[in-house]
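> Turn this into a model:
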Amino acid sequence: MVAAVVALVAWALQLMQAANDRQEFSLMLAGCMVCSAAVGLATVMVLTFTSPSFLPAVDAGISLDSIVLPWDGQL
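Residues are numbered from 1 along each chain as shown. Okay, the predicted model is just below:
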């Protein structure tokens with residue numbers, strides 16, 4: 001995953017350099033889109049690796065069917 005993010009950033013930098021050399025705005029937009037994809041992938045990766053690896057409700061075997069909400073009328 002880290003290699004994919006680094007590859008996307010490298011590709012974005014190459015696109016932006018080519019856009020600067022050729023004075024093409026479309027290549028600059030493509031570079032920005034690739035860079036934003038890299039940022040999104042890195043964000044998902046960080047959220048995945050820093051989140052808790054377990055859900056207490058699933059591990060404890062608690063069913064959501066046992067929860068009574070106030071608007072259900074079953075007080």
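> Point me to the helix or strand that includes the residue positioned nearest the centre of the chain.
With the centre of the chain defined as its mean C-alpha position, the nearest residue by CA atoms, centre = their mean is Val44, 3.0 Å away. Using DSSP states H and E, Val44 maps to helix 25-50.
> Leaving aside the residues adjacent along the chain, what's closest to Ala4?
Counting by CB to CB, 6 or more residues apart in numbering, Ala4 lies nearest to Leu41, which is 6.5 Å off, once chain neighbours are set aside. C-beta here means a position set from N, CA and C on the backbone, and glycine is covered the same way.
> any idea how far Val5 is from the one you found?
Applying CB to CB, to the nearest Å, one obtains 6 Å for the distance of Leu41 from Val5.
> How about Arg22?
Applying CB to CB, one obtains 26 Å for the distance of Arg22 from Val5.
> Which one's more surrounded, the two?
More crowded of Arg22 and Val5, by other CB atoms under 10 Å: Val5, with 17 against 11.
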